[in-house]
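> next comes the sequence, and after it the predicted model I'd like to discuss.
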Amino acid sequence: MKGVAPQGTTMRVIYTSAFPFIGCSPLLVALLVAFPEFALWLASL
């Protein structure tokens, strides 16, 4: 990401911007474990 970011963008800004996206993955896994019918419903489409 540093290569395509505007000049002056620090790695700290890049890392803190990525945290919400990284946090969504465990949340999605937790939802699929708690409600497996969502995964089964999606597969049936």
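Thanks, I have the structure now. Numbering: from 1, shown residues only.

> packing partners for the lowest-mean-pLDDT helix or strand in the chain?
Across the helices and strands of the chain, mean confidence by mean pLDDT, DSSP states H and E is lowest for helix 36-44: a mean of 85. Counting contacts by 3 or more C-beta pairs under 8 Å, 6 or more residues apart in numbering; DSSP states H and E, helix 36-44 is packed against helix 11-34. Where C-beta positions appear, they are placed from N, C-alpha and C, glycine not excepted.

> what angle sits between the helix it packs on and helix 36-44?
With axes from the mean of the first three to the mean of the last three C-alpha atoms, to 10 degrees defining the directions, helix 11-34 sits at 90 degrees from helix 36-44.

> just checking, what packs against helix 11-34?
On a contact count with 3+ C-beta pairs under 8 Å, 6+ apart, helix 11-34 meets helix 36-44.

> contacts for the helix it packs on, please.
With contacts defined as C-beta atoms under 8 Å, 6 or more residues apart in numbering, helix 36-44 is touched by 31-32.
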